[in-house]
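Student: Sharing a sequence plus its predicted fold:
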Amino acid sequence: MSGELSFDVTFDASPEIPVPVSPLVRRIVAANPGPFTFTGTCSYIVGRGEVAVVDPGPDLPAHQDALLEAIGHERVAAILVTHTHRDHSPGARALQDRTGAPIIGCGPHRRARELGAGETDTMEGSGDLAHRPDRELADGDTVAGPGWTLTALATPGHCANHLAFALKEEDALFSGDHVMAWSTTIVAPPDGSMTDYMASLDKLRGRSESVYWPGHGGPVRDPGRFVRGIMTHRRQREASILARLAAGDRTIPAIVEAIYAGLNPRLRPAAALSVFAHLEDMVARDLARTEGDPRLDGEYRRA
């Protein structure tokens, strides 16, 4: 995958059906498919007898029922949340109401940066503002049960409070929305930061896990190689943006039109936010310039 990135869009899971994916992990996909959720949010049950639930997903009663049916008479020791987008964390409160288990993991929702004067929140409505964990985990903190240990890994970028969870016993990582096999991750200001995202990828690149279980889609195999491919892909996108600035494009819509030929119109707003995230990072690194702080409706030029 040197310089190339290949996605797996063949994942096809029946919603709300528990599937054992390893000796310690069961996966249930929520019935919330969409352009940003793929086939739906993946929730994971970790352990046997005394379990943790990772990312209980959206507040869909059918999904909570499916989780509880799969858990059966086992005890839920912890409900872990990777980040506070509405397709991942609201189900934690519903599951807590039915099990009494503590909500553990990322802290309350927060932006990667504050809004500028007159700037609107492009991610408004996606954040779960009601999330309040019983225990907030910092990088390196652990949660453990019989036969399983989950260690928090701070991976901001997609969301400012994003965590991944390493499962030591299976050399696996629950990667949330930071790394997924089916698509690149959306990095959209003000929730997301391309600078943070690239730093988190670099952090993952040095780790040894053999498989990632993501928030959407199937597993990431050979994750070290895949992460390097994502980093190359992002740098190639940056080079494309720089080339458009050199060609005279000044606005984000013009850049999107040039480098996302044939894109589904429904995905154009997401593409614009991705370009914006790149430009924010490039301005901070003095590769591009703009008047004042970077803005979605700003004008840019090559430095």
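Tutor: Received the coordinates, thanks.
Student: ok, the residue nearest the centre of the chain - contacts?
Tutor: Nearest to the mean C-alpha position of the chain, counting by Cα atoms, centre = their mean, stands residue 177 at 1.8 Å. The contact partners of residue 177, by Cβ atoms under 8 Å, 6 or more residues apart in numbering, come to 82, 83, 85, 88, 158, 159, 162, 185, 186, 214, 215, 216. Quick note: C-beta positions are derived from backbone N, CA and C, even for glycine.
Student: Give me the nearest residue to residue 294, chain neighbours excluded.
Tutor: In space, and not counting its chain neighbours, residue 294 is closest to residue 280: 4.6 Å by Cβ to Cβ, 6 or more residues apart in numbering.
Student: Please name the residues that touch the closest residue in space to residue 11 that isn't next to it in sequence.
Tutor: In space, residue 11 comes closest to residue 218 once its chain neighbours are excluded; the distance is 3.8 Å by Cβ to Cβ, 6+ apart. Listed by Cβ under 8 Å, 6+ apart, the contact set of residue 218 reads 8, 10, 11, 181, 182.
Student: try 7 Å
Tutor: With contact set as Cβ atoms under 7 Å, 6 or more residues apart in numbering, residue 218 has these partners: 8, 11, 181.
Student: Is residue 166 in contact with residue 173, as I believe?
Tutor: Yes. Counting by Cβ atoms under 7 Å, residue 173 is a contact partner of residue 166 at 5.2 Å.
Student: Of these two, which one has the most company?
Tutor: Counted by other Cβ atoms under 10 Å, residue 166 and residue 173 do not tie: residue 173 has more neighbours, with 27 against 20.
Student: Include secondary structure and neighbour count when you put the contacts of residue 177 into JSON lines, please.
Tutor: Putting those into JSON lines (DSSP: H, G, I helix; E, B strand; the rest coil; neighbours: other Cβ atoms under 10 Å) gives the following:
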{"residue": "82", "secondary structure": "coil", "neighbour count": "28"}
{"residue": "83", "secondary structure": "coil", "neighbour count": "29"}
{"residue": "85", "secondary structure": "strand", "neighbour count": "28"}
{"residue": "88", "secondary structure": "coil", "neighbour count": "31"}
{"residue": "158", "secondary structure": "coil", "neighbour count": "27"}
{"residue": "159", "secondary structure": "coil", "neighbour count": "33"}
{"residue": "162", "secondary structure": "coil", "neighbour count": "30"}
{"residue": "185", "secondary structure": "coil", "neighbour count": "24"}
{"residue": "186", "secondary structure": "coil", "neighbour count": "21"}
{"residue": "214", "secondary structure": "strand", "neighbour count": "27"}
{"residue": "215", "secondary structure": "coil", "neighbour count": "30"}
{"residue": "216", "secondary structure": "strand", "neighbour count": "27"}
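Student: Report pLDDT for the residue nearest to residue 11.
Tutor: Per-residue pLDDT puts residue 218 at 98.
Student: Okay, and it sits in which element?
Tutor: Using DSSP states H and E, residue 218 sits in no helix or strand.
Student: Tell me where the chain has helices.
Tutor: Using DSSP state H, the helices of the chain run over 61-71, 90-99, 194-205, 223-246, 252-259, 268-284.
Student: hang on, residue 57 packs against residue 63?
Tutor: Yes. Residue 57 is within contact range of residue 63, at 5.4 Å (criterion: Cβ under 7 Å).
Student: Report the set of residues contacting both of these two.
Tutor: With Cβ under 7 Å, 6+ apart, residue 57 and residue 63 have common neighbours 30, 91.
Student: of these two, who's got more company?
Tutor: Taking other Cβ under 10 Å, residue 57 and residue 63 do not tie; residue 57 has more neighbours (31 against 25).
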